[in-house]
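# A predicted structure for the sequence below; I have some questions about it.
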Amino acid sequence: MARMVYAKRTAHASMETHTVLVLMYMVSTLLVVLDDLVVFYALFEVMLLLIYGYMHQHSVSSRSAYAMYMLATYTVLGSAVLAVAMILMYILTGASASMYMSAVSTTSHNYALSVAVLMHVAFYCKIPCYPMQGWLTEAHVESTTDASVLLAGIYLKVGIIG
């Protein structure tokens, strides 16, 4: 009887795992193909929700809950900064496609510099780079092997593409 319960639980977990993997691959493919910053922002946040849900499903300790909290906190703060940069860029250029980012350089130097700094800070949180990498070590140590592979293999690479 216990064997049947375990088999049902692992089959259910593997189906959820497979669903999350397929969704993450679909979202990451769309992120690479599409050239709109608003769509990139929305899909990157969907990826955050997927990886957060996946880690929550496989969390076993309070330390892993802390790691998920760190992941969510850093990436949401990075998302807020990225949203401010995108709004500022839209105000300056009137477009949200990334090819129009060069149009920011034709505007005032102070505005172009502020957009560039805001986007760098946002992606430093999402990639993560040196001062903003506090969540990465916690997330990799406390997650399962497959969640760590998802973080390193998909989520961080999409942040670099951004």
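Noted; the coordinates are in hand.
# Need the phi and psi values for residue 136.
The phi and psi values for residue 136, taken as degrees, to the nearest 10, are phi -70, psi -50.
# hang on, isn't it packed against residue 128?
Yes. Using CB atoms under 8 Å, residue 136 is in contact with residue 128, at 5.1 Å. Backbone N, C-alpha and C define where each C-beta goes, glycine included.
# For residue 48, the count of nearby residues, please.
Here the count is done by other CB atoms under 10 Å, and residue 48 has 18 residues near it.
# Surely residue 92 and residue 116 touch.
No. Counting by CB under 8 Å, residue 116 is not a contact partner of residue 92; they are 11.8 Å apart.
# neighbour-wise, which of these two wins?
residue 92 (19 against 15).
# Where does that one fall, secondary structure wise?
helix 62-93 (DSSP states H and E).
# buried ones in that helix?
64, 67-68, 70-72, 74-75, 78-79, 81-82, 84-86, 88-89, 92-93 (16 or more other CB atoms under 10 Å).
# go on, stretch 37-49?
Buried residues in stretch 37-49, counted by 16+ other CB under 10 Å: 37, 40, 41, 43, 44, 45, 46, 47, 48.
# And the pLDDT for the last one?
We note a pLDDT of 83 for residue 48 in this prediction.
# show me the residues around it that make contact.
Counting by CB atoms under 8 Å, 6 or more residues apart in numbering, residue 48 touches 71, 72, 75, 76, 79, 155.
# Max pairwise distance over these: which two?
Farthest pair in these (CB to CB) is 76 and 155. Separation: 14.1 Å.
# so where do the helices sit in the protein?
With DSSP state H, the ranges of helices along the chain come out as 2-33, 37-57, 62-93, 101-104, 109-126, 134-142, 145-150, 156-161.
# Compare those and say which comes out lowest on pLDDT.
Among the helices of the chain, helix 101-104 carries the lowest mean pLDDT (a mean of 61).
# if we can go back for a sec, TSV for the contacts of residue 48, including distance to residue 28?
As requested, these are exported to TSV (distance: CB to CB, whole Å):
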residue	distance to residue 28
71	17
72	19
75	15
76	20
79	17
155	8
